[in-house]
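1. Can you look at this prediction? I've put the sequence above it.
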Amino acid sequence: VRVSATAVYSTYSIEPASAIDFGAMMKGTKETQTIVLENKGMLGFKFRIQQASALESKSSKQGESASSAAKRSARRRSSTLTQSSLHAGMFTVCPCSGSISPWGQQKITVDCLAGQEGTCEEQLYINITGR
């Protein structure tokens with residue numbers, strides 16, 4: 001009996017690789033930019049886009065009981081995975097979660113609706129399983 005295996009890990013690319021800047025916008029206008037998340041590996045993976053404040057609040061709850069924090073975390077994970085878009089300040093990201101098959105890609109749109117006067121900046125994280 002011959003047995004063989006190949007160990008691999010998820011490889012991916014994100015374009016654009018740098019920050020997205022909508023520049024100066026007229027109040028009340030909307031602009032859209034696109035991020036392309038590409039799977040360059042032999043295994044499919046799931047991704048989830050989260051706001052930085054959501055990640056910070058998870059780590060700041062260390063003083064609570066482990067079981068209640070775990071239950072709340074599980075509830076947050078399930079609601080985030082079923083959510084089709086993420087709203088962060090003036091920005092809307094869609095889709096904010098999904099799966100990408102080997103050699104596939106996902107286009108993610110980021111809409112900016114210039115609502116209030118001033119600068120708006122948000123920090124978002126793309127979490128890729130098995131990286």
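-> Perfect, I can see it now.

2. I'd like to know which elements the helix or strand containing S99 is packed against.
-> Assigned by DSSP states H and E, S99 falls within strand 97-100. With contacts defined as 3 or more CB pairs under 8 Å, 6 or more residues apart in numbering; DSSP states H and E, strand 97-100 has these neighbours: strand 30-39, strand 45-51, helix 66-82. All C-beta spots, glycine's among them, are computed from the backbone N, C-alpha and C.

3. Just checking: what are the partner strands of that strand?
-> Counting by DSSP bridges, the strands paired with strand 97-100 are strand 45-51 (antiparallel).

4. ok now the partner strand, how far from the chain's centre?
-> How far strand 45-51 lies from its chain's middle: 4 Å, per CA atoms, centre = their mean, to the nearest Å.

5. Looking at that strand now, give me its mean pLDDT.
-> For strand 45-51, mean pLDDT is 93.

6. Contacts for that strand, please.
-> 10, 12, 37, 39, 80-81, 86, 88, 93, 96-100, 106, 108, 122-131 (CB atoms under 8 Å, 6 or more residues apart in numbering).

7. ok, now with 6 Å
-> 10, 86, 88, 93, 96-97, 99, 124-130 (CB atoms under 6 Å, 6 or more residues apart in numbering).

8. What about those, which are in helices?
-> Of the contacts of strand 45-51, none are assigned to helices by DSSP state H.

9. Separate out the buried members of the residues you listed.
-> S10, L86, A88, V93, C96, S97, L124, I128 (16 or more other CB atoms under 10 Å).

10. Excluding sequence neighbours, find me the nearest residue to the third one.
-> Counting by CB to CB, 6 or more residues apart in numbering, E122 is the residue found nearest to A88 once chain neighbours are left out, at 4.3 Å.
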